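1. here is my input, please return the structure:
(chains A and B)
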Amino acid sequence: QKEVEQNSGPLSVPEGAIASLNCTYSDRGSQSFFWYRQYSGKSPELIMFIYSNGDKEDGRFTAQLNKASQYVSLLIRDSQPSDSATYLCAVNFPSGGSYIPTFGRGTSLIVHP
Amino acid sequence: NAGVTQTPKFQVLKTGQSMTLQCAQDMNHNSMYWYRQDPGMGLRLIYYSASEGTTDKGEVPNGYNVSRLNKREFSLRLESAAPSQTSVYFCASSVRTGQSNQPQHFGDGTRLSIL
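-> Residues are numbered from 1 along each chain as shown, chains lettered A, B, ... in the order given. Below is the predicted model of the structure:
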């Protein structure tokens, strides 16, 4: 069974701090990894995607991928109260010539002033 | 840009009733998906369509059927609704490239209650 694991949280950080969100996955053959942000009552929206080992930075966000250890993380620098949301990790698992997206249960982030 | 459009946004059904959730995308994407989201459960894939003319089961397909009507539209049907199908349903689409799928774009969701 293809699995994506996330700590449900909540993760509480003070404004201005670095928030670190982690995700592990079960299939070494996975090629693409995504982080989505979901505000309460809203639909998920893409924050970052990463395909290669290492770090990828976009503004205050950095995605980190380690395929050997099968984990992907998201760092949010200078956290703001507006970053308070649930963060979903998604992995595309290969399956019979196609790619099946599987989501973790999400980590709730609370940034307090 | 409309992106991914879902209808209806809200619906209340009685047990045993049937209904179809509609989804359309205007981004010329190959792949389309239906998910349900329950509290604490994340997004669970119901069915997906990798390309026009194909559909496949996801993690939780029981009680649902789908139709990929054309490249733009992908509908989800509940033939005989059950209270366990009370959930928020999201449709999504993505471009499929050689090695993998690109990020998904989500609709606003349909909040479905079954009494």
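2. packing partners for the host helix or strand of A:S73?
-> Element membership for A:S73, per DSSP states H and E: strand A:71-76. Strand A:71-76 is packed against strand A:19-25, strand A:32-38, strand A:45-50, strand A:61-66, strand A:85-95, with contacts defined by 3 or more Cβ pairs under 8 Å, 6 or more residues apart in numbering or on different chains; DSSP states H and E. For every residue, glycine as well, the C-beta is placed using N, CA and C.
3. please name the strands paired to it in the sheet, noting orientation.
-> With DSSP bridges as the test, strand A:71-76 is paired with strand A:19-25 (antiparallel), strand A:61-66 (antiparallel).
4. want to try TSV for those strands, with mean pLDDT and mean neighbour count as columns?
-> As requested, these are exported to TSV (pLDDT from 0 to 100; neighbours: other Cβ atoms under 10 Å in any protein chain shown):
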stretch	mean pLDDT	mean neighbour count
strand A:19-25	96	21
strand A:61-66	96	18
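5. turn the ones you listed into JSON lines, columns for distance to B:S87.
-> JSON lines is the format used below for these (distance: least, Cβ to Cβ, whole Å):
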{"stretch": "strand A:19-25", "distance to B:S87": "23"}
{"stretch": "strand A:61-66", "distance to B:S87": "29"}
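6. what about the residue nearest to the spatial centre of chain B, which helix or strand?
-> Per Cα atoms, centre = their mean, the C-alpha nearest to the average position across chain B is that of B:W34, at 2.5 Å. Assigned by DSSP H and E, B:W34 belongs to strand B:31-37.
7. sorry, back to before: so what touches the strand holding A:S73?
-> Contact partners of strand A:71-76, identified using Cβ atoms under 8 Å, 6 or more residues apart in numbering or on different chains, comprise A:18-25, A:33, A:35, A:47-48, A:50, A:60-66, A:83, A:87, A:89, A:91, A:109.
8. over to B:N65. Which of the three states is it?
-> Under the three-state scheme (DSSP: H, G, I helix; E, B strand; the rest coil), B:N65 adopts strand.
9. contacting residues for the nearest residue to it once chain neighbours are set aside?
-> Using Cβ to Cβ, 6 or more residues apart in numbering or on different chains and skipping residues adjacent in sequence, the residue nearest B:N65 is B:R77, 4.7 Å away. Contact analysis of B:R77 by Cβ under 8 Å, 6+ apart lists B:18-21, B:64-67.
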